[in-house]
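Peer 1: quick check, what structure comes out for this input:
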Amino acid sequence: MKWLGVLSVILLAMQFGALAQAPAATSKSVFLDVVESTGSSKTINHWRDVSGAYSQTKYSSRELNVTVRNMAAVPGEFEIEWYFFGKPASGSGRFLYDKGSKKVSLAPSAFEKVSIDSKELSAHTVRDYYYYGYNYSSGDKADGWIIRAKVGEEVVRVKASTALLEQMAADPAAFAKATKSTKK
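Peer 2: As a prediction, this is how the structure comes out:
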């Protein structure tokens, strides 16, 4: 009888020892909610005349308020990455103009709000209605954003400003190509 008690104590000790050495589980279940706002914006009028013609420069940035929620019953360590894309004021062609990341540790079923501000873009516009009737634009304007949640190197959730950007972020080759084209 004593041997049975000693044997059960040894088995329990071995079982708890194995549990103590097991790696801690981390959540891969995350929910992202993004609220977009204009951020900072200012317009400088260089000149304007009575015919309605004008020259102005607009400076603007984007602000995102991201809610990161751990949807699992275990704690989670997530890396939140953000990418802001722009395009020329008169033309096409998307380029990356700002990016960054932040590590977020969340308890089970907890959430954290992350505020993200992009760099400023500027666009210059000249319009002449009366005599020449032409419009000229130069500079850049915001085109969209992508938010990714990663656990280690694995992307577990993607949120974007448009369906096209979300589809691009889901394709690793297209995403790598898009993030390589930056504005110089």
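Peer 1: any low-confidence regions in the chain?
Peer 2: 1-25, 130-133, 183-184 (pLDDT under 70).
Peer 1: the strands in it, which residues?
Peer 2: For the chain, applying DSSP state E gives strands covering 30-37, 41-48, 54-60, 63-70, 76-88, 95-106, 111-117, 121-128, 134-151, 154-160.
Peer 1: distance of residue 56 relative to residue 127?
Peer 2: Distance, residue 56 to residue 127, by Cβ to Cβ, to the nearest Å: 9 Å. For glycine as for every other residue, the C-beta is placed from the backbone atoms N, C-alpha and C.
Peer 1: hey, which of the strands of the chain is tucked in deepest?
Peer 2: Mean neighbour count (mean count of other Cβ atoms under 10 Å) peaks for strand 76-88 among the strands of the chain, with a mean of 21.
Peer 1: so how far is that strand from its chain's centroid?
Peer 2: 3 Å (Cα atoms, centre = their mean, to the nearest Å).
Peer 1: okay, now the sheet partners of that strand, with direction.
Peer 2: As defined by DSSP bridges, the strand partners of strand 76-88 come to strand 95-106 (antiparallel), strand 134-151 (antiparallel).
Peer 1: to residue 176, which of the ones you listed lies closest?
Peer 2: Ranking the strands paired with strand 76-88 by proximity to residue 176 (Cβ to Cβ) places strand 95-106 first, at 11.2 Å.
Peer 1: run the angle between that closest one and strand 30-37 for me.
Peer 2: Between strand 95-106 and strand 30-37, the angle comes out at 130 degrees (axes from the mean of the first three to the mean of the last three Cα atoms, to 10 degrees).
Peer 1: give me the contact list for strand 95-106.
Peer 2: Defining contact as Cβ atoms under 8 Å, 6 or more residues apart in numbering, one finds that strand 95-106 is touched by 27, 68-70, 75-87, 112, 114, 116, 118-119, 121, 140, 178-183.
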